[in-house]
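Student: Based on what follows, work out the 3D shape:
(2 chains)
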Number of protein chains: 2
Amino acid sequence: MKKLSSLLALGALMCAQSLMAQTPAPAAAPAPAPVPVEDWKSASTNQPGKEYPKVNSEGRVKFRIEAPTATSVSVSFKDSSEFKKGDDGAWYGHTRLLDMGFHYYTIKVDGAEVPDPNSLMYFGAMRWGSAVELPAKDQDFYTMKDVPHGQLREITFHSASTAAERRAFVYTPPGYDEHSDQRFPVLYLQHGWGENEYGWGVQGRAPVIMDNLLAAGGAKPFIIVMTYGMTNDVRPGGMRDFKIEPFETVLVKELIPYVDTHFRTLADQPHRAMAGLSMGGMETKTITLRNLDTFSAIGLLSGGTVAPGDLADLGAFKTKNRLVFVSFGSREVEGGKTRQGGNPAADIAALKAAGINAHYYVSPDTAHEWQSWRRSLHELAPLLFRD
Amino acid sequence: MKKLSSLLALGALMCAQSLMAQTPAPAAAPAPAPVPVEDWKSASTNQPGKEYPKVNSEGRVKFRIEAPTATSVSVSFKDSSEFKKGDDGAWYGHTRLLDMGFHYYTIKVDGAEVPDPNSLMYFGAMRWGSAVELPAKDQDFYTMKDVPHGQLREITFHSASTAAERRAFVYTPPGYDEHSDQRFPVLYLQHGWGENEYGWGVQGRAPVIMDNLLAAGGAKPFIIVMTYGMTNDVRPGGMRDFKIEPFETVLVKELIPYVDTHFRTLADQPHRAMAGLSMGGMETKTITLRNLDTFSAIGLLSGGTVAPGDLADLGAFKTKNRLVFVSFGSREVEGGKTRQGGNPAADIAALKAAGINAHYYVSPDTAHEWQSWRRSLHELAPLLFRD
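Tutor: Predicted structure coming up:
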């Protein structure tokens, strides 16, 4: 368990750094004090009727903050412009160039770090707060369309081990209710450190990604189950105390039986997968390798790699596992290596050479952030539960 | 339609006043600058791990706001104590006595009105923002327990009339999936002005109320459908432009057929009810009286009253309607009359005298607020869909 602890600590650090500092600047750094392109549009993550924040075509965000008697206003995006009062008395400022996709942030008014009242609220960095969506070239795959829609169901299950009624979200594919004779495989899908069970269904856009994929015939229909993975109730900075056993118990001994009782699942190992992002990927690796008879497919999204040396019994693994999927954002990998260590491309090649159905995906021009993970789900889903 | 418009405008005004000013002080006003009872406990509406806001047994809320360089901090609850810096550098203040239950609020830091970062986020007053829950004597009926749980499903349906993919939440009772041969009646349940389709499922606690009622055998199982009722997309203060037809079309022509196709409903008038709070009650009255062949039961929660004079054809109404339910918070009614006009007790008595199954409920010691509406749902549910 020491190896896991250090991996988790590293991952948490990385994730925390990423959340606090936001994403690293692209390789081509912008010139000093550049003039933003003036094609601003209201962000899709704004509260109803709010004009700001706005985003432009080059990847900046512009804010408008009403703080009439404040002496200082800023946002948590590093290297943002200085905020100045406009003619209307509100404060204005903009960010450096950011990666496409979804970014958490806070505003600061005279030292008070608070959510931007103009933004919808998302759970990340251990709290509900603001975020902004930057349009992406490939956003079509997670754009809501007039296609048959699945359902995102909030379920409540009793957990004896934690003496609590616990929440999970369950995505059921389009047609689940109508085809009452059909049973479905299940993917257990985990969020990252500082996030929760809402992540994949909201900012992860998993239901929209699946609806669109299924409408295009790009994947087999399956159920997705998302629950809270920090059962050990770790506070910020306290990852050293993280223990995986409480979550493993909830997931394997309580949630899976509940789902297999209350949904029309194919309740066997070949039709059960687990994947997760960042800390959720590390949880996935530990739990699936200890429960090869429960899960047949493994997905690690910016959450470590799987090398032949990780497998206690390669022969047994080969007979039981149907899929290993590893992915990272391109900005997380330097010279083939990730910050957590390991060389995922080499590891996946070695697994393939050993006869394992292994896949490696790198998300272009993204870092440890949701755009990497949306794309990774979009790549992973078509590989799952093939006959 | 003029009558409806004026009712809606009045209702919106009342609701807006209620949201901005919060609830009126209880009849017995507290003495000036009283010393709060020092039995503070963290509120159940706090973000994970947050100690403040705290609530005490007499009905006050105490806040702690970190704003190191601010010169002024306050909250939107009227008649709160002045906020002062504590020994730890944070600002502290508390409210007057408040009604039991759920209250929206904002904090203000040097003129910036923002969400309290310590609070979970709720949609009210046209935005996602902070709220606080004060323990109530009767909170048992909406407290999460180890009973069989229904599901709260987020569904997406195509609306041709508004050219959009629209969201609704659907509560399915415990056992819905397991008893695949059973069909269920449906209650369409609407939020108030400035709120949205999340209201009943989150702060309204409708799923918990229903799970508990059903576990105790206190109601027939039914489906609840909740969608956004301001289809006309009215901005704050713009209620004069509100038109009910766009929402009526979405509800009656699009959502009901979708629900009847995608859920195992009893898809006929006797098994279809509509209820709503505040503006949602006014919508309910207008839509049900125009669609007597679609809905057999009507619930108005702080949303007007039904008098015999409202019914164009009393005889036809009697043959088609199975239930009229009207409720208010006790602080909304003075001398038998509500602020919108009308005398609900007298009106309901008159309906009863005319042979209609009519019920009137008054929530003790509450105003135009969620505690009144939680209790009203708890009173209404047992009356619905009786054989």
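Student: low-confidence ranges in chain A?
Tutor: A:1-33, A:233-240 (pLDDT under 70).
Student: Show me the helices in it, by range?
Tutor: A:2-21, A:206-215, A:245-248, A:256-262, A:279-290, A:314-320, A:344-353, A:370-380 (DSSP state H).
Student: And the contacts of the fourth one?
Tutor: It stands for helix A:256-262. A:155, A:157, A:168, A:170, A:186, A:188, A:223, A:225, A:265, A:267, A:272, A:294, B:177-178 (C-beta atoms under 8 Å, 6 or more residues apart in numbering or on different chains). Every residue, glycine included, has its C-beta placed from N, CA and C.
Student: Off-centre distance for that helix?
Tutor: Its chain's average C-alpha position is 24 Å from that of helix A:256-262, according to C-alpha atoms, centre = their mean, to the nearest Å.
Student: ok, and for that helix, which residues are buried?
Tutor: Neighbour-count burial for helix A:256-262, counted by 16 or more other C-beta atoms under 10 Å in any protein chain shown, picks out A:256, A:258, A:259, A:262.
Student: same check, this time on the second one
Tutor: By neighbour count, and taking 16+ other C-beta under 10 Å as the criterion, the buried residues in helix A:206-215 are A:206, A:207, A:208, A:209, A:210, A:211, A:212, A:213, A:214.
Student: what's the burial count for residue A:57?
Tutor: 13 (other C-beta atoms under 10 Å in any protein chain shown).
Student: what's the answer for residue A:163, then?
Tutor: For residue A:163, the neighbour count with other C-beta under 10 Å is 8.
Student: again, but for residue A:300
Tutor: Neighbourhood size, residue A:300 [other C-beta under 10 Å]: 28.
Student: roughly how far apart are it and residue B:355?
Tutor: Counting by C-beta to C-beta, to the nearest Å, the gap from residue A:300 to residue B:355 is 68 Å.
Student: likewise residue A:171?
Tutor: Look at residue A:171 and residue B:355: by C-beta to C-beta, they are 48 Å apart.
Student: Which one's more surrounded, the two?
Tutor: Taking other C-beta under 10 Å, residue A:171 and residue B:355 do not tie; residue A:171 has more neighbours (24 against 10).
Student: Not counting its neighbours along the chain, what's nearest that one?
Tutor: Nearest residue to residue A:171, sequence neighbours excluded (C-beta to C-beta, 6 or more residues apart in numbering or on different chains): residue A:224, at 4.1 Å.
Student: Now do the one you found against residue A:274, distance only.
Tutor: 11 Å.
Student: thinking again about what came up before, out of the helices of chain A, deepest packed?
Tutor: Greatest average neighbour count among the helices of chain A goes to helix A:370-380 (a mean of 26), per mean count of other C-beta atoms under 10 Å in any protein chain shown.
Student: Please compute how far that helix lies from its chain's middle.
Tutor: With C-alpha atoms, centre = their mean, you get 8 Å for helix A:370-380.
Student: now swap in stretch A:357-369 and tell me
Tutor: On C-alpha atoms, centre = their mean, the centre of stretch A:357-369 falls 12 Å from the chain's centre.
Student: List the contacts of that stretch.
Tutor: Stretch A:357-369 is contacted from outside by A:14-15, A:18, A:23-24, A:26, A:99-103, A:278, A:302, A:306, A:321-333, A:344-345, A:348-349, A:351-352, A:371-372, A:375-376, A:379-380, A:383, using C-beta under 8 Å, 6+ apart.
Student: again, 7 Å this time
Tutor: With C-beta atoms under 7 Å, 6 or more residues apart in numbering or on different chains as the test, stretch A:357-369 has contacts from A:14-15, A:18, A:23-24, A:99, A:101-103, A:278, A:302, A:322-333, A:344-345, A:348, A:351-352, A:371-372, A:375-376, A:379, A:383.
Student: and that stretch, which residues are buried?
Tutor: So, applying 16+ other C-beta under 10 Å, buried residues of stretch A:357-369: A:358, A:359, A:360, A:361, A:362, A:363, A:365, A:366, A:367, A:368, A:369.
Student: Export those to a markdown table and append columns for distance to residue B:314.
Tutor: Below are the buried residues of stretch A:357-369 laid out as a markdown table (distance: C-beta to C-beta, whole Å):
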| residue | distance to residue B:314 |
| --- | --- |
| A:358 | 74 |
| A:359 | 70 |
| A:360 | 73 |
| A:361 | 68 |
| A:362 | 72 |
| A:363 | 66 |
| A:365 | 69 |
| A:366 | 66 |
| A:367 | 68 |
| A:368 | 67 |
| A:369 | 63 |
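Student: Relative to residue A:85, which of the residues you listed is nearest.
Tutor: Using C-beta to C-beta, residue A:369 comes nearest to residue A:85 of the buried residues of stretch A:357-369, at 31.5 Å.
Student: Residues of the stretch 101-250 of chain A that sit close to chain B?
Tutor: Residues of the stretch 101-250 of chain A lying near chain B by C-beta under 7 Å from any C-beta of the partner chain: A:109-115, A:117, A:120-121, A:126-129, A:144, A:146, A:149, A:151-156, A:158, A:165, A:177, A:180, A:235.
Student: Please list only the buried members of the residues you listed.
Tutor: The neighbour count (16+ other C-beta under 10 Å) marks A:109-112, A:114-115, A:117, A:120-121, A:126-129, A:149, A:151-156, A:158, A:165, A:177 as buried among those.
Student: From these, which land in strands?
Tutor: A:109, A:112, A:114, A:121, A:127-129, A:151-156, A:158, A:165 (DSSP state E).
Student: Pull the most distant pair out of those.
Tutor: A:109 and A:158 (42.8 Å).
Student: For residue A:295, grab the count of nearby residues.
Tutor: Around residue A:295 there are 27 other residues, counting by other C-beta under 10 Å.
Student: my read: it touches residue A:276, true?
Tutor: No: judged on C-beta atoms under 7 Å, residue A:295 makes no contact with residue A:276 at a distance of 11.7 Å.
Student: domain assignment for chain A?
Tutor: A:41-135, A:140-383 (automatic domain parsing).
Student: any chance of those domains in CSV, with distance to residue B:288 too?
Tutor: CSV is the format used below for the domains of chain A (distance: least, C-beta to C-beta, whole Å):
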stretch, distance to residue B:288
domain A:41-135, 27
domain A:140-383, 27
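Student: So which of these is nearest residue B:95?
Tutor: Nearest of the domains of chain A (C-beta to C-beta): domain A:41-135, 19.4 Å.
Student: on that earlier part again, so which of the buried residues of stretch A:357-369 belong to strands?
Tutor: Filtering the buried residues of stretch A:357-369 for strands - DSSP E - leaves A:358, A:359, A:360, A:361, A:362, A:363.
Student: From residue B:352, how far off is the second one?
Tutor: Plainly put, residue A:359 is 69 Å away from residue B:352 if you go by C-beta to C-beta.
Student: How about the third one?
Tutor: Spatial separation of residue A:360 from residue B:352 under the definition C-beta to C-beta is 72 Å.
Student: next one: the last one
Tutor: With distances defined as C-beta to C-beta, the gap from residue A:363 to residue B:352 amounts to 66 Å.
Student: Residue A:102 is in contact with residue A:371, isn't it?
Tutor: Yes: Residue A:102 is within contact range of residue A:371, at 6.5 Å (criterion: C-beta under 7 Å).
Student: What residue in chain A is the furthest from its centre?
Tutor: residue A:87 (39.7 Å; C-alpha atoms, centre = their mean).
Student: Identify the residues contacting residue A:225.
Tutor: Contacts of residue A:225 by C-beta under 7 Å, 6+ apart are A:168, A:170, A:186, A:188, A:189, A:255, A:259.
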